[in-house]
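[1] Next one to model:
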Amino acid sequence: MTNIRQVPALVIGGGPAGLMAAEMLADAGHAVLVTEAKATVARKFLMAGKSGLNLTKAEPDDPFARRISADWLRPIVRDFGPEAVQGWARDLGQELFTGTSGRVFPVGMKASPLLRAWLTRLQSKGVEVRTRWRWSGPDGGIQTFVTPEGVQGIAPGVTVLALGGASWPRLGSDAAWVPVLAARGVQIAPFRPANMGFCVNWSGHMAKHFGRPVKGVALLAGSERARGEFVLSARGIEGGGIYAVSAPVRDGAPLALDLVPDLTIDDIIARLSRPRGGNTLSNHLRKNLSFDPVRLALLLEWARPLPDRPEGLASLIKHLPVPHDGPRPLAEAISSAGGICRESLTDDLELTALPGLFAAGEMIDWEAPTGGYLLTACLATGRHAGLAAAHHLARRGGGPV
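    Below is the predicted model of the structure:
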């Protein structure tokens, strides 16, 4: 090891959870070093913002927190919920708006202005950021890194790990930390895809619909029911509506579509019983149920031959089974389920096997749907871990809180 440096506080991982932990430690009066394996910080955050940065969702903290799968993390999310996230963003000079779905976005929609303002504020607080520093694990009290300058060692007073989960590995969340912690007694639940699409083996006539959105439907997965759009692609189905029910479907719940969620089955039967005249069944569905070409194509794809009687056809329209070949690979998922188990963490997110090390963000075993829940929970756990790490330093005489 070519160099060993002592620092009060070390944060490993430069995504939203890590940067929030760093800010809490800096606000507590500690010098903070942030290390990031990639050439720039927050790559996944920036990629998520390319289609519009969904910061959070404007709903009360309690129902919001219930969308986090790990009930023991919900108090942490309530402590830094939607209103707090919006205040944080406004303090960084970001003007926000709330869409009709309740999702909250910066007016400019992009992540880069917010990130630039945040990094400028962190720099003003003395936070140092080193990129291309890949963590290789602890060696006694030293955290070791492979860097362009060779192997470096950091002797921190406290460490926050915010290394991400296992989705989008090309952006840095590659779960390379798993064997490092597992070898030191940390329990880790296997990673699984979350908020992902599903593979579908289409027949040839569906190709003309690839890239088109499916609108005006409800998705049914076990006891879950969600309204939302999704998109057909050569590989299958993906998009917000699918992501909303992806967890139960991944875990074995059958997936089905309600193609006309605003009508009851009796309404549909009455409309289908109207005289058809010379119309084909396809035209009959278009005229009486306002079927667009994509919904009609899905009905013909997954229910051919169609029942002759209105009752049977209405039942299929209200509950059209979706055959699929399972979720898209973990590397393509928006997020991941799995990570450090509750049993290996204290309420302060400190690793029980490695005192003085705290974890935050997608490293922890939880999942949440898209729509602002993921980012808010990462910020909330980063804040909680940073505050707890600052108190840990204070208890050891490492400086003020």
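
[2] can we go C-alpha only for contacts and neighbour counts from here?
    Fine.

[3] Determine the number of other residues adjacent to residue 15.
    As a burial measure, the neighbour count of residue 15 was computed by other C-alpha atoms under 10 Å and equals 25.

[4] Tell me how far the nearest residue to it once chain neighbours are set aside lies from residue 115.
    In this structure, residue 15 finds its nearest non-sequential neighbour in residue 42, 4.2 Å apart by C-alpha to C-alpha, 6 or more residues apart in numbering. Spatial separation of residue 42 from residue 115 under the definition C-alpha to C-alpha, to the nearest Å is 8 Å.

[5] Mind checking which of the two has more residues around it?
    When neighbours are counted by other C-alpha under 10 Å, residue 42 comes out ahead of the other of residue 42 and residue 115, with 23 against 19.

[6] Tell me where the model's unsure across the protein.
    Judged by pLDDT under 70, the chain has its weakly predicted residues at 1-2, 398-401.

[7] any chance you could map the helices in it?
    The residue ranges that make up the helices of the chain, judged by DSSP state H, are 16-27, 43-48, 61-65, 74-79, 82-91, 112-124, 178-182, 240-244, 246-250, 265-272, 281-289, 293-303, 310-318, 373-395.

[8] And those helices: which comes nearest residue 353?
    helix 178-182 (9.1 Å; C-alpha to C-alpha).

[9] So what touches that closest one?
    Outside helix 178-182, the residues within contact range by C-alpha atoms under 8 Å, 6 or more residues apart in numbering are 136, 137, 188.

[10] who wins for most neighbours among those?
    Top of the contacts of helix 178-182 by neighbour count (other C-alpha under 10 Å): residue 188, with 20 neighbours.

[11] Just list whatever residues bridge to that one.
    Under the criterion DSSP bridges, residue 188 forms beta bridges with residue 340.

[12] quick one: it from residue 269, how far?
    Relative to residue 269, residue 188 is positioned 51 Å away (criterion: C-alpha to C-alpha).

[13] same question, residue 6
    Computed as C-alpha to C-alpha, the residue 6 to residue 269 distance reads 74 Å.

[14] Compare neighbour counts for these two and give me the winner.
    Taking other C-alpha under 10 Å, residue 6 and residue 269 do not tie; residue 269 has more neighbours (18 against 12).

[15] Apart from its neighbours in sequence, what residue is nearest the more buried one?
    Once its chain neighbours are removed from consideration, residue 269 has its nearest residue in residue 310; the separation is 5.4 Å (C-alpha to C-alpha, 6+ apart).

[16] where's that neighbour relative to residue 265, distance?
    Residue 310 sits 10 Å away from residue 265, going by C-alpha to C-alpha.

[17] again with residue 162
    49 Å.

[18] try residue 372
    Going from residue 372 to residue 265 by C-alpha to C-alpha gives 34 Å.

[19] quick one, what contacts the residue nearest to residue 269?
    Residue 310 makes contact with 269, 272, 273, according to C-alpha under 8 Å, 6+ apart.

[20] higher neighbour count, residue 162 and residue 265?
    Neighbours around residue 162 and residue 265, counted as other C-alpha under 10 Å, are more numerous at residue 162. The numbers are 30 against 20.

[21] hang on, that one packs against residue 20?
    No. Contact status for residue 162 versus residue 20: not in contact, 10.0 Å apart, counting by C-alpha atoms under 8 Å.

[22] Specify the strand with the largest residue count in this structure.
    Counting by DSSP state E, the longest strand found in the chain is strand 150-161.

[23] counting contacts, what elements does that one pack onto?
    Applying 3 or more C-alpha pairs under 8 Å, 6 or more residues apart in numbering; DSSP states H and E, one finds that strand 150-161 makes contact with strand 3-12, helix 16-27, strand 142-147, strand 357-359, helix 373-395.

[24] Any buried residues in it, and which?
    Within strand 150-161, the residues scored as buried using 16 or more other C-alpha atoms under 10 Å are 151, 152, 153, 154, 155, 156, 157, 158, 159, 160, 161.

[25] again, but for stretch 243-258
    So for stretch 243-258, counting by 16+ other C-alpha under 10 Å, buried means 243-250, 253, 255-258.

[26] just those residues now: which is nearest residue 201?
    Sorting those by distance to residue 201 puts residue 255 at the head of the list, at 15.1 Å, by C-alpha to C-alpha.

[27] what is the closest one paired to in the beta sheet?
    With beta bridges defined as DSSP bridges, residue 255 has these partners: residue 221.

[28] measure it to residue 294 for me?
    18 Å.

[29] returning to that earlier point: who wins for proximity to residue 96 among the helices and strands packed on strand 150-161?
    Using C-alpha to C-alpha as the measure, helix 373-395 is the one of the helices and strands packed on strand 150-161 that comes nearest residue 96, at 15.0 Å.

[30] Please compute how far the closest one lies from its chain's middle.
    Distance, stretch centre to chain centre, for helix 373-395: 18 Å (C-alpha atoms, centre = their mean, to the nearest Å).

[31] Likewise for stretch 326-344?
    The answer for stretch 326-344 is 10 Å, by C-alpha atoms, centre = their mean.

[32] can you pull the buried residues of that stretch?
    Of the residues in stretch 326-344, those buried under the neighbour-count criterion (16+ other C-alpha under 10 Å) are 327-328, 330-342, 344.

[33] One more: stretch 88-99?
    89, 92, 94, 96, 97.

[34] the domain parsing of the chain - what is it?
    According to automatic domain parsing, the chain is divided into the following domains: 3-193+336-395, 198-321.

[35] first vs last residue of the last one, how far apart are they?
    Put plainly, it is domain 198-321. The stretch domain 198-321 measures 14 Å between its terminal residues, going by C-alpha to C-alpha.
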